[in-house]
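# just a sequence and a predicted model for now, questions to come.
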Amino acid sequence: MKKKLKITVFTILLLSICTLFGCAAMDIDVASYQYDPKGKTLIYSSDDVLLSEVYDENRTYVDLEDVPQDFINAVISVEDRSFFTHHGISIKGILRAMVSNIASGDIYGEGASTITQQVVKRLFLTDEKSYVRKINEAILAIKMENVFTKEEILEIYINQMYLGAGTYGVQEASRTYFDKDAKDMNTAECTLLAGLFQAPSAYCPFDHYDEAIERQHIVIDAMVDEGYITQEQAEEIKNTEITLSDDSGSVSSTTKENCNAFVDCVIDEYYEKFIPVLEEKYSMDYESAKLLAQKYLNYDGVTIYTTLNYDAQKTAVSSLNSTLKRYGISSKATGAVVSIDYTTGQIRAYYGGNTQIDMANSSRQPGSSIKPLYYSKAIDDGYITSRTVVNDTRTSWGDYTPKNYEGGYWGWISVRSALVHSRNIPSVKVFDEYGVDNSMAAIKSFGITTIEDTDYNLASALGGLTYGVKPREMASAYGAFANGGIINESYCIERIVDNDGIEIYNVNDTDLSQTRVLQQSTADTMNSILRDVVSYGTGTAARVYGYHAAGKTGTTEDKKDLWFVGYCGGLSTAVWIGNLDMEVIGGSSAYSAYAFGKYMNSIVDDGILEKLNENAEEEDNATALIDITIAQTSALNEGKVYFNEDEIETICIPQSEYSYYEDAIVEKVTIDSSSGKLFVEGKCPEEYKETVYFLKDYVPTEECNRSHYFDKIFNKKNNKKEE
């Protein structure tokens, strides 16, 4: 009764002072206040791996009942021994602090704040050092004690307060310092953490371990004084070894390794896609919707479920890094990998390199990987077919005289051969014949957004663009060849759930674009040509065992940028290797093709591809492809009807194109070279046996009818001479 009377008198005194000085506490409605701590946004992969946490304050809320009692006892012992008996303020503490401050000459020295006062200061006030603020604090503490229970106040306290190393609240502090949930802390860890409330930065065990242990011992001794533990137990706790996590207190460690670039893409897409949803739902203007979206992300906290497969991501990064190591360029090169499900647009892997710049979304010169974009449109518009012949010979356009990558000239070759073997001069001729404007429009139609007015020239045929292209856009573009000529808009976010578990965004409720850039027949033709690139052209290092891989290499003239863009098993993937300084790397695009092959073979072997796309092989092409053996164009132009091994090639074509190649298809035939007729085993001498390839209409049907009598006699004489 006597104590309540003192509190009442003290409260009246405080209210009088507040009235006199106009304290802010009088205007704050504590009674209707609901504690709503800043949340955090969680970003998950499609295979349920936490990729990143986005927050203004790194806090994970925990209920009081899920915290060890030893921790509660430690906090009470060192921070506010009379917490369960006072009414928000400690008069003894205030008087003791005043005497101490007057004696030291620092009138703002000791604070004498109870746990309740610390809570109201954190929730309603600033860190200003003044007696007016202390009076406000005391009034608000008394108000809070009249509304909230002691347990509720304590729960707010252990969740709200900063505890060093970028963490707020006991749960996140325990995870950061000890790599465990708060409920799993032992007594030694509880006492160490309880010591951080007074000065979290000064006692941070990552930076000031000895000071943290010294403070821990003070906490333990206080627990002895309060009767929570015995002296014997105290000594045992002090001697318990504490193992800190390897995190070293890095606040930036909240994003999974090698996922930073993807997380940035997710946040960009969050604003791009979610703001229009809010505009429509709440009839808001853009700026208001943007502010609300920011509040959801940074204050309330949402859960974002993404398209990325973490196992595929790890495999993509390790495949790229092992490639750099294999070719001895790890010290001077980085790379980017983007892998997109071309049937849906889902980004399955996204790596922007080992620097702060996201190279998966940065422009670099594409080299010959740009060629399929304008070749395909020229075929689509009827300017050329895959069998159109182009003369691979030295050609100049004014001062511009392009060269083939490997030098030399092949003469008349087909469009297919020009693309499969990446011949530059025929490519410039196709680009020029189709028209610079048409060719550049073709490139842009595939979703390439980096084209400038200065790119409208013949050098662009070989990838000589002002800024270049982005790996993400190239991965998306090549998907058209495998997907029947249709590009599906690529995206990162599947759905978003608010902190109450309510879904506030779902990609299925949006209108993602589907763009037809090629006719089905043209896509089939390109698919067959790009398969040949991997089968026997410049991209053989990209082969995937058990699957049909297709794609195109690209190497800039100065070997600063090495590309492979291709597809297999439902995924369209761009691999770029280079560096930020635009320095020469050396080597060739075979490096990038190798990285692609290693990545795809790994996700096949590890069962990752099967999980991503159960029907990967069936979806890999819309129209049946067949292999045919034909005579090379240069040999046909000589008027020949049969050919040797060096004059034929096996190509992959859509079945619908069979008639285009029918007059060039050859059959393998064994003939008697002396008669030109079919070889007869046992009758014709072996030295006359010859394998050649005939055009279908000229295949011999008659068997050799020569007796070879004199040949046999001649052979017998020769054999005797040798004996």
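That came through fine.
# please identify which helix or strand holds Ser52.
Assigned by DSSP states H and E, Ser52 belongs to strand 50-55.
# past that strand, which element shows up next along the chain?
strand 58-59.
# for that next one, which strands pair with it and how are they oriented?
strand 167-168 (parallel) (DSSP bridges).
# list the contacts of the strand it pairs with.
Lys38, Glu57, Asn58, Arg59, Asn159, Gln160, Met161, Tyr162, Ala173, Arg175, Thr176 (CB atoms under 8 Å, 6 or more residues apart in numbering). For every residue, glycine as well, the C-beta is placed using N, CA and C.
# same check on stretch 205-215?
164-165, 177, 192, 195-196, 198, 201-204, 242, 244, 248-249.
# and which of those is nearest Ala74?
Closest to Ala74 out of these is Gly195 (8.0 Å), distances taken as CB to CB.
# how about the contacts made by the closest one?
Ala74, Val78, Tyr203, Ala212, Arg215, Gln216, Ile218, Val219.
# which residues of the stretch 301-450 of the chain fall in strands?
With DSSP state E, counting those that start in this stretch as the criterion, the stretch 301-450 of the chain has strands at 303-306, 334-341, 347-351, 389-392, 411-414.
# okay if I get the ones you listed as a markdown table plus mean neighbour count, mean pLDDT and distance to Val266?
Converted to a markdown table, those look like this (neighbours: other CB atoms under 10 Å; pLDDT from 0 to 100; distance: least, CB to CB, whole Å):
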| stretch | mean neighbour count | mean pLDDT | distance to Val266 |
| --- | --- | --- | --- |
| strand 303-306 | 22 | 97 | 6 |
| strand 334-341 | 27 | 98 | 14 |
| strand 347-351 | 29 | 98 | 9 |
| strand 389-392 | 20 | 94 | 45 |
| strand 411-414 | 19 | 92 | 45 |
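# can you tell me which of the ones you listed is nearest to Tyr693?
strand 411-414 (17.0 Å).
# and that closest one, what does it pack onto?
Applying 3 or more CB pairs under 8 Å, 6 or more residues apart in numbering; DSSP states H and E, we find strand 411-414 packed against strand 389-392, helix 633-636.
# who touches it?
Everything outside strand 411-414 that qualifies as a contact, by CB under 8 Å, 6+ apart, is 386-393, 421, 423, 426, 632-634, 637.
# of those, buried ones?
Ser386, Arg387, Thr388, Val389, Val390, Asp392, His421, Arg423, Pro426, Gln632, Thr633, Ser634 (16 or more other CB atoms under 10 Å).
# closest one of the contacts of strand 167-168 to Phe83?
Met161 (14.2 Å).
# quick one: contacts for the residue nearest in space to the middle of the chain?
Most central in the chain under CA atoms, centre = their mean is Tyr350, positioned 2.6 Å from the mean C-alpha point. Shown in contact with Tyr350 (CB under 8 Å, 6+ apart): Ala261, Phe262, Cys265, Leu308, Gln313, Val337, Val338, Ser339, Ala360, Arg472, Cys492.
# how much space separates the first one from Ser476?
When you say that, I think you mean Ala261. Separation of Ala261 from Ser476 (CB to CB, to the nearest Å): 16 Å.
# same check, this time on the last one
Computed with CB to CB, the distance linking Cys492 and Ser476 is 13 Å.
# got it, and the second one?
Using CB to CB, one obtains 15 Å as the distance from Phe262 to Ser476.
# try the fifth one
From Gln313 over to Ser476 the distance is 18 Å, taken as CB to CB.
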